[in-house]
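Chemist: any chance you can model this:
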Amino acid sequence: MDTLRRRHFLIQAGALPAALSLAAAGPAWAQATASRVIVPYAPGAATDALARLMAQALEGALGGTFIVENKAGGGTQIGTKAIATAPPDGHTLGFVDTAFVINPGLFGKSLPYDTRQDFVPLSLMATAPFVLLVHHSVRAASVQELVALAKSKPDGLNYGSAGIGSAPHLAGEQLRVAAGIPATHVPYRGGSTVLNDMIAGHIDFGFTTVPTMIEHIRAGTLRALAVTGPVRAAQLPQVPTMAEAGLSSVDASPLFGLVAPAGMPAERLQQIGQAASSAVKAGPLNSKLTGMGFIPVGSTPAEFKARIEAEIDKWSRVIAEGRIKPNT
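Modeler: Numbering: from 1, shown residues only. Modelled structure (predicted):
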């Protein structure tokens, strides 16, 4: 075989495994264009941090580039609308949290998108238990003692949250109704302000995610009375669940997941959904989420869709029964 023919044969032989590998990885269009992951929050928020972990995991599993794009404002409506109206070509994804399932009940038809129809769920990445906290000066070492204390005061107790309709607000509303206690909601502009006032003892109780306040709990500044969710938090094994405290209907637990515009090609949906689920269920991402205080899930698209539907129904009932109206 002459030199030229030999080189041609080697090139063809070497190209065959590469071609088979590319075919196995999925259609070429899935790799040809950089993809974006829209986050309806500013950089630095917990949702943004988890979205960046997910983007890295997708790059590792699928190749290509996944760029996080922050679109904050309007109580997450600006970024969420951008997800809904993006071309459903498989190259625009969205990373959402509990506001995604609260807003339909809070804003109704004024939302600039239809949460049930304009999106396709890909995978529920993780949930995070809420912890019910009181300042160390509050004379309550359990949920039962907090309920008794609230009932002993003519005006009850007050609790703070990051704003009307926020997940901590609705968790407090669940507690108020389930325990039958008088309680006044104090809405703040943003999470950092309410947390500072909780640490300072200006509000009686509040809900936050476990990772947010774990150091203050360990230092004794704040006292943890119970956690939401089906099991005790790994970081607070001595703290009972709300169900163990006799209030199983207080079940607010923030969720974080990946969605896309409706109409996304089914093949791409399955490809990304499977990659996201596999990354969360095992390996470094699973360990990282657990270490941060989150509960890894890694659901299928169908499982995430069912969870979204159930959460929308639940929070719509809480909002309607509490006659909660958004800030206008």
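
Chemist: the helices in this structure, which residues?
Modeler: 3-25, 29-32, 46-62, 77-84, 99-107, 143-152, 167-179, 191-200, 210-219, 266-281, 284-292, 301-321 (DSSP state H).

Chemist: now these as a markdown table including mean neighbour count?
Modeler: Just so you know, the C-beta spots here come from the backbone N, C-alpha and C atoms, and that holds for glycine as well. A markdown table is the format used below for those (neighbours: other C-beta atoms under 10 Å):
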| stretch | mean neighbour count |
| --- | --- |
| helix 3-25 | 10 |
| helix 29-32 | 14 |
| helix 46-62 | 20 |
| helix 77-84 | 21 |
| helix 99-107 | 22 |
| helix 143-152 | 17 |
| helix 167-179 | 23 |
| helix 191-200 | 17 |
| helix 210-219 | 17 |
| helix 266-281 | 19 |
| helix 284-292 | 16 |
| helix 301-321 | 17 |
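
Chemist: how about the ones you listed in TSV, adding distance to Gln238?
Modeler: Formatted as TSV, those follow (distance: least, C-beta to C-beta, whole Å):
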stretch	distance to Gln238
helix 3-25	47
helix 29-32	47
helix 46-62	24
helix 77-84	38
helix 99-107	30
helix 143-152	14
helix 167-179	20
helix 191-200	20
helix 210-219	10
helix 266-281	27
helix 284-292	18
helix 301-321	29
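
Chemist: OK, contacts around the closest residue to His135 other than its chain neighbours?
Modeler: Closest residue to His135 apart from its sequence neighbours, by C-beta to C-beta, 6 or more residues apart in numbering: Gly201 at 4.0 Å. Gly201 makes contact with 135-138 under the criterion C-beta atoms under 8 Å, 6 or more residues apart in numbering.

Chemist: let's see stretch 219-239 as PDB, backbone CA atoms only.
Modeler: Below are the C-alpha coordinates for stretch 219-239, written out as PDB (Å, rounded to 0.1, in the frame of the first residue of the first chain):
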ATOM      1  CA  ALA A 219     -24.100  29.300  68.300                       C
ATOM      2  CA  GLY A 220     -27.300  29.500  70.400                       C
ATOM      3  CA  THR A 221     -28.500  32.800  69.000                       C
ATOM      4  CA  LEU A 222     -31.500  31.100  67.500                       C
ATOM      5  CA  ARG A 223     -33.400  28.100  68.600                       C
ATOM      6  CA  ALA A 224     -34.600  25.500  66.100                       C
ATOM      7  CA  LEU A 225     -38.000  24.100  67.100                       C
ATOM      8  CA  ALA A 226     -38.900  21.900  64.100                       C
ATOM      9  CA  VAL A 227     -38.200  21.200  60.500                       C
ATOM     10  CA  THR A 228     -40.600  20.700  57.600                       C
ATOM     11  CA  GLY A 229     -40.300  17.700  55.300                       C
ATOM     12  CA  PRO A 230     -40.700  14.000  55.900                       C
ATOM     13  CA  VAL A 231     -37.500  13.400  57.800                       C
ATOM     14  CA  ARG A 232     -35.300  15.200  60.200                       C
ATOM     15  CA  ALA A 233     -32.500  17.400  58.700                       C
ATOM     16  CA  ALA A 234     -29.100  15.800  58.600                       C
ATOM     17  CA  GLN A 235     -27.600  19.000  60.000                       C
ATOM     18  CA  LEU A 236     -30.100  19.100  62.900                       C
ATOM     19  CA  PRO A 237     -30.700  15.500  63.800                       C
ATOM     20  CA  GLN A 238     -32.000  16.500  67.300                       C
ATOM     21  CA  VAL A 239     -34.700  18.700  65.900                       C
END
